[in-house]
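Undergrad: Quick one, structure for this:
(chains A, B and C)
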Amino acid sequence: MELSTTGFWVFSTLAVLSAFGVVFFRNIIYAVLSLISTLIMVSGLFFTMGAELIGALQILIYAVAIVVFYVLVISTVPEFKGKAFEPKYMIVSLPVGFLIFIELAFVSLYGAWKSNTGIFTSEVIQEVGNVKAVATMLFTKYLFPFEVASLILLVAMIGAIILGKKEHVIDEEAEN
Amino acid sequence: MVPYEYYVALSGLLMVLGLIGIAVRRNIIALLISTELMLNAVNIAFVAFDMKLGDVGGQVFVFFILTIAAAEAAVGLGLIMAIYRLRRDVDTETLTELKH
Amino acid sequence: MEYLWIIPFSPLIAFIIIGLFGYKFLKEPLSGIVAVVAVAISAVASVIGFIQIATEGGYYNLKLYTWMPLGDYEISVSILWDPLSALMTCVVTVISTFIFIFATGYMKGEPSYPRFFAYLSLFVFMMLMLTLSDNLIQLFFGWEGVGLASYLLIGFYHHKNSAADAAFESFITNRVGDWLFLTGAILAFVTFGTMDYLDIFNKLPEASYWVITAIALLLFGGAVGKSAQIGLHIWLPNAMEGPTPVSALIHAATMVAAGVYMVARLMPIFAASDIALDVVLFVGVASAFIAATMGLVQNDIKRIIAYSTMSQLGYMFAAEGLGLFGEGMFHLASHAVFKALLFLAAGSVLIGIHHILNVQKMGQLRKYMPITAATFLIGALALAGIPPFAGFFSKDPIIEGAYEISKLAWFFLWAGALLTAFYIFRLYFLAFENGDRLDPHVKEHVHESPPSMTVPLVVLASGAVVLGFFKEFFGNFLKPSLNPEYMSFLSEETKRLVEDGLSRAHHVHMAEDAWHFLLHSLTSPLGILSLITALLGIFVAWVIYQLKKVDAKEIAKTFRPLYLLLYNRWYFDFVYYAIFVYGYYRFSKILWFIGDKIIIDGIVDGSAKVSLLTGSGLRLFQSGRIGGYVAQMALGILIFLGIFLLFM
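TA: Next up, the predicted model:
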């Protein structure tokens, strides 16, 4: 069996199992840990697909930076005491979700997908390397969206700071 | 090589799991986590189609999604903090102001 | 001839002025004066036009304004000035002028004085649009307009229930006729592609006989409604709820004559179909006779004259049905004069005795109101057909013509003449002569009317005396409009068609000159018979009501079923009530139940209930919980993706 094939099956199985854990662990800490697991597995999947840059970024940004946010918030907010799940939504969403999955799988297996049109064939990628290909694209064609994304990050940062400022909220409360 | 269809199907499965998570969880933080799951599903699909089409545009989009996910997590968690400070609660069953 | 536009628009301007400023600025005397001046201007203009066309001949067709195109045809506001319309316009404006003057006196002290004159002016405008029209659309506009004005005027005392009901009745009954008329006009447009009379006339030979018959009968249906002929006559007696000048103007002289005028105006269409002419004759004769019998036993002074109007209009239609269009129009003109006179005299009486309508409660009024009595007598003599008066010269030719064309029609018209003489003199004797039956309280206040009322009476009375002697003039004057040989606007083919249609009247020969006609009537057996008939009617009325040799009540008792039949107006109203009013009521109730209660209420209430139920159902989905919304969204994705996959 080829390495990438083995990798796919291993990573995908683990990713799905961890995803189940994210959804169904009652304890929010476990869920976050499962999320980390899922993110790492997805990063592995990226590597199997030859997207090294994205795989690395996945671990760096997602699995480290973002999850740290979650952990921080969870540590701030006291332990959630109520029921973890809403049974009536369970009844609705499980079969619905299953059927959507069937449909999506049907689409992915029998969909009339567009044929190969890109210039970055596997040979080209082999030649220049994934990182250089993505970076070339990112800093030429997608330069403006890239800058906008940085702006969004800045705005989100400011927004998060303002939202998280304790005194401000309390003042507002006092005014009301 | 694994056929890209498998990756797309896997992405569909993760997406559905994220949906179910949002539907059934009561903890508002778990809702956000499930959103991350769905974003990852989309990422997988993007990269899988890149592999299929011999392009890197999808990976650029994944890059953007990572960025936006970070922003979303920051703002979303900030909001959760604010809500918690106001209501002392993170249970979506009681946070039903949208109804009124 | 461009000045002719002033004829219809002068009353319209008066209507606008009085309507806008009547209550605020003009008030009582001034708004009446404005109306009188406006209608006098159009009277003068129309008389000038009349003289011009009488001397120069020919006809004028003025297109004033194009209203809207209808396919290839353009509907326009226009004036067709030929002898026929000139005569009718003159009758309308001149008689209106006198009635307006009379009304300024009659309506004195009325709170709604300006409104009254605004309506009157509107009525005259609409009537002139009708008479001057050169196409069916404008005719219909005027036709509906006079209907509206008459509705407003009959319901003038709208606070009185009976007046409001009568106005409704008139409006609705007219609506039946108008509907027929409109259908006929549309059929004419479909057939001929035009609404202009002259074009229609010249296209007549192309159309099939049955289509022309249908058009003529439908149009005549409108005339039956407007002229209160048998079948649609029930509104006219009740329309006497309006003020008396209105009755005189609308329900005697002008509006009810519109049907007669319309049939004469469209003479070629009617002449092209002998079935249509027969129907006109039948309806006319039936109305002439039946209305005269109804008039015999009524006690309301205005209603008697109203039935007489119906009867006389029947004579006009009968003349037209016989093919004697010129005689019919001449009778229209003379009838307009003496009937307006009778109505105005009745109005003068009502003012004198404070609106007591019952003739059984009048009597000896000649002592108190000599001018009114004298003028009324002249009108009555004219109506009865006594020689030197107008009615004789206009009515007797119809009866004599009928003798030569159809014996049956002659018999009924002759009997009608006898009854006419009887009922009008019954009214005269009861009101002005006879015993002293007046309420003593009323008697103290009885007085002759003011000059504003008596002067029009005197003028109209002298008109009723002299008009008959213009018989020859009118006969010759109307020839270019009603005699196919002289009608310059007809094509040769149409002329032949019309002449064939009118051939039934060809062998009727009557002296055109008034003096010769008078001489002929006094010498020929038929003429003497008519004369004796009229005198006999007067004599019988004199014996019964003046000398009281025979008690009217005894006669009523002896012939009780007949009396009841006549008194109840041949049970027309009852039958109509039973069939139409109650039938309609029942029908409406059924429709109300099915259509309104079940279907409409069902839909309305049902939609409310459905939205209530769906609302409370959908409310369950509006949980306020984000997860719930996402689950619903997922369901939607499932369904639409499923549809997409299944069917695409």
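
Undergrad: Show me which residues of chain A are close to chain C?
TA: Taking C-beta under 8 Å from any C-beta of the partner chain as the measure of proximity, chain A contacts chain C at A:86, A:89, A:92-93, A:96-97, A:99-100, A:103-104, A:106-107. No exception for glycine: its C-beta is placed from N, CA and C like everyone else's.

Undergrad: quick one: the helices in the chain?
TA: Chain wasn't specified; assuming chain A. Using DSSP state H, the helices of chain A run over A:3-24, A:28-48, A:52-57, A:67-76, A:87-110, A:122-128, A:130-140, A:143-164, A:166-175.

Undergrad: not what I meant, chain B
TA: So, for chain B - with DSSP H - the helices run B:4-24, B:28-53, B:57-87.

Undergrad: what about the ones you listed, which gets the closest to chain C?
TA: Across the helices of chain B, chain C has its closest neighbour in helix B:4-24 (4.1 Å, C-beta to the nearest C-beta).

Undergrad: List the contacts of the closest residue to residue C:404 other than its chain neighbours.
TA: Closest residue to residue C:404 apart from its sequence neighbours, by C-beta to C-beta, 6 or more residues apart in numbering or on different chains: residue C:508 at 5.0 Å. Shown here is residue C:508, whose contacts under the criterion C-beta atoms under 8 Å, 6 or more residues apart in numbering or on different chains are C:322, C:324, C:401, C:404-405.

Undergrad: give me that answer again for 7 Å
TA: Counting by C-beta atoms under 7 Å, 6 or more residues apart in numbering or on different chains, residue C:508 makes contact with C:324, C:401, C:404-405.

Undergrad: now residue C:35
TA: C:14, C:18, C:100, C:117, C:120-121.

Undergrad: Averaged pLDDT, the helix or strand containing it. What do you get?
TA: Secondary structure assignment for residue C:35, by DSSP states H and E: helix C:27-56. Average pLDDT, helix C:27-56: 89.

Undergrad: tell me how far that helix is from the chain's mean position?
TA: 22 Å (C-alpha atoms, centre = their mean, to the nearest Å).

Undergrad: ok, now stretch A:29-42?
TA: 10 Å.

Undergrad: Find the nearest non-adjacent residue to residue C:22, please.
TA: Per C-beta to C-beta, 6+ apart, closest to residue C:22 is residue C:114, 2.8 Å.

Undergrad: Could you measure from the one you found over to residue C:515?
TA: 48 Å (C-beta to C-beta, to the nearest Å).

Undergrad: Averaging pLDDT per element, find the lowest-scoring helix or strand in the chain.
TA: No chain in the question, so chain A it is. helix A:166-175 (a mean of 54; mean pLDDT, DSSP states H and E).

Undergrad: try again with chain C
TA: helix C:440-445 (a mean of 76).

Undergrad: Same list (the helices of chain A) but as a markdown table, adding mean neighbour count and distance to residue C:558.
TA: As requested, those are exported to a markdown table (neighbours: other C-beta atoms under 10 Å in any protein chain shown; distance: least, C-beta to C-beta, whole Å):
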| stretch | mean neighbour count | distance to residue C:558 |
| --- | --- | --- |
| helix A:3-24 | 18 | 110 |
| helix A:28-48 | 22 | 115 |
| helix A:52-57 | 20 | 122 |
| helix A:67-76 | 16 | 116 |
| helix A:87-110 | 17 | 96 |
| helix A:122-128 | 13 | 127 |
| helix A:130-140 | 17 | 121 |
| helix A:143-164 | 14 | 111 |
| helix A:166-175 | 10 | 105 |
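
Undergrad: picking up where we left off before, mind putting the helices of chain B in a markdown table, distance to chain A, mean pLDDT and mean neighbour count included?
TA: Converted to a markdown table, the helices of chain B look like this (distance: least, C-beta to the nearest C-beta, whole Å; pLDDT from 0 to 100; neighbours: other C-beta atoms under 10 Å in any protein chain shown):
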| stretch | distance to chain A | mean pLDDT | mean neighbour count |
| --- | --- | --- | --- |
| helix B:4-24 | 3 | 90 | 25 |
| helix B:28-53 | 5 | 89 | 23 |
| helix B:57-87 | 3 | 88 | 20 |
